[in-house]
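Trainee: I'll drop the sequence and a predicted model, then ask my questions.
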Amino acid sequence: MDIDIEVAGPDDFPGAIWPALNVFSMVGLTEEHSARFRDHYDDCRILGVRDGGDWVATLGEYQFDLTVPGGATLPASGVTMAGVLPTHRRRGILNALMRRLLDDAVAKGWPVAILLASEASIYPRYGFGVASQYAAWKVDPRHADLAVPVPDDGTMRLVADSGEATRLAAQVWERYRRTRPGLTSRRPWTWGDFVADLADDRDGMTAWNWVVHFAADGEPDGYAAYRTKWIERDAMPAGVLSVQELVSPSPAVESALFRFLCGVDLVRSLNLGFRPVDDPIRWQLTDRRQLVIDELNDFLWLRVLDVAVTLGARTYGSSDDLVLDVTDGFRPESGGRFLLRAGPHEASCERLPSDTTGADLAMDTSTLASLVLGTVTPSVLAAAGRLEASPEAVDRADSVFATGRAPFALTDF
């Protein structure tokens, strides 16, 4: 079949996202879920392919702002709703959709694309690489004392109205998202999904509970969104408290929120499903062996479309000049040789002439994605055979690409 890519319009819902719904086992949505998807759809640019009038493949895009080391942000194409019907696989349709989407992002001046990968083996071929990781852990709150008390002159407030809670949380998020590389802006439907809080999504737990922390001046500066479940075993409480988001620009406020959650009655398992891999709370516990890590995995994937703009936007651990040779198998025009002039306060990066010889570091675009935010060190990538460099160049690159905080992402799209 000929691959004729179309941009879906308002009247194409829900047919235009049928391929993605089919792939992700979401056939037969309730009216409530359909309404939520409509909000997402209306905010999303959907590319698709039809066969005989029916949609057989889709690929969507939201626009986000992505924080990079140093606190600057870059406009990013948030790739989503990827799906090809089983009847139309192995025909190059997803390749064509991805090429069109990335070309369009470049035309709009967006230097990076990001996504959440359903399968880790799919997206490296398109130049995406792991850009953030998360840890999921749990602890019995009765054994979660902090070794060093954290002073807190603020106040906590449980907010019952979800509209008010998300309004306050959104204010906190806008400050929080600039504190770590990997965090992004949020689309309005993220908060709308919290407000809707569909019963089918609760997995037998309560509706969202919101606790908001207010600074001494009365401004909100932290929040936690969580669910609870009453469980009793042998006539004893064995409740579960599951935290979706525990957020503050201040580590001290996050600790105060954690202490609050540990004090919720009748809970014996406090579960935090998405936390940074360098979470300070883990190091504050008096008995850290009480904490059990359930999962350590990737979350955000990144694809560099404009190497010079992307590398020039962040700050670096040391001052040095490095020549990078970047190979891009899917989109060769994005690759090439680049001179990075790195520094702790500002940096620049420029494309070198195509006949330039010699490079300090050589890698493909997928590997570069894991360096941009500081996800992994050049020495680890070199040891894994993903990056070519001399031992001296690797040592220099480790110093240059060092970041103070591990990248982290928390927004589902």
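Mentor: Received, thanks.
Trainee: quickly find the element holding residue 344.
Mentor: Residue 344 belongs to no helix or strand when assigned by DSSP states H and E.
Trainee: one more: residue 281?
Mentor: Counting by DSSP H and E, residue 281 is part of helix 280-284.
Trainee: where do the helices sit along the stretch 1-150 of the chain?
Mentor: 18-23, 31-42, 93-107 (DSSP state H, counting those that start in this stretch).
Trainee: and residue 116, how close does it get to residue 329?
Mentor: 22 Å (C-beta to C-beta, to the nearest Å). Any C-beta I mention is one placed from the backbone N, CA and C, and that applies to glycine too.
Trainee: in terms of neighbours, single out the busier of those two.
Mentor: Neighbour tally, residue 116 and residue 329, criterion other C-beta atoms under 10 Å: the higher count belongs to residue 116, 16 against 13.
Trainee: partners of that one in the sheet?
Mentor: As for beta bridges, residue 116 partners with residue 300 under DSSP bridges.
Trainee: what is the helix holding residue 281 packed up against?
Mentor: helix 251-262 (3 or more C-beta pairs under 8 Å, 6 or more residues apart in numbering; DSSP states H and E).
Trainee: output the next helix or strand after the helix it packs on as CSV, restricted to C-alpha atoms.
Mentor: Next helix or strand after helix 251-262 toward the C-terminus (DSSP H and E): strand 267-275. Extracted as CSV, the C-alpha positions of strand 267-275 are listed here (Å, rounded to 0.1, in the frame of the first residue of the first chain):
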residue,chain,number,x,y,z
VAL,A,267,-0.8,2.2,57.2
ARG,A,268,1.8,-0.5,57.2
SER,A,269,3.2,-0.1,53.7
LEU,A,270,4.0,3.3,52.4
ASN,A,271,4.7,2.9,48.6
LEU,A,272,6.4,5.6,46.5
GLY,A,273,6.2,4.5,42.9
PHE,A,274,8.2,7.2,41.2
ARG,A,275,11.2,8.8,42.9
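Trainee: strand 267-275: which residues count as buried?
Mentor: Buried residues in strand 267-275, counted by 16 or more other C-beta atoms under 10 Å: 267, 269-272, 274-275.
Trainee: stretch 42-58 too?
Mentor: Neighbour-count burial for stretch 42-58 [16+ other C-beta under 10 Å]: 44, 46-51, 55-58.
Trainee: can you pull the contacts of residue 372?
Mentor: By C-beta atoms under 8 Å, 6 or more residues apart in numbering, the residues touching residue 372 are 68, 112, 131, 302, 304, 310-311, 314.
Trainee: strands along the stretch 301-413 of the chain, start to end?
Mentor: Remark: strands assigned in the stretch 301-413 of the chain by DSSP state E, counting those that start in this stretch are 320-327, 336-342, 348-351, 361-364, 387-388.
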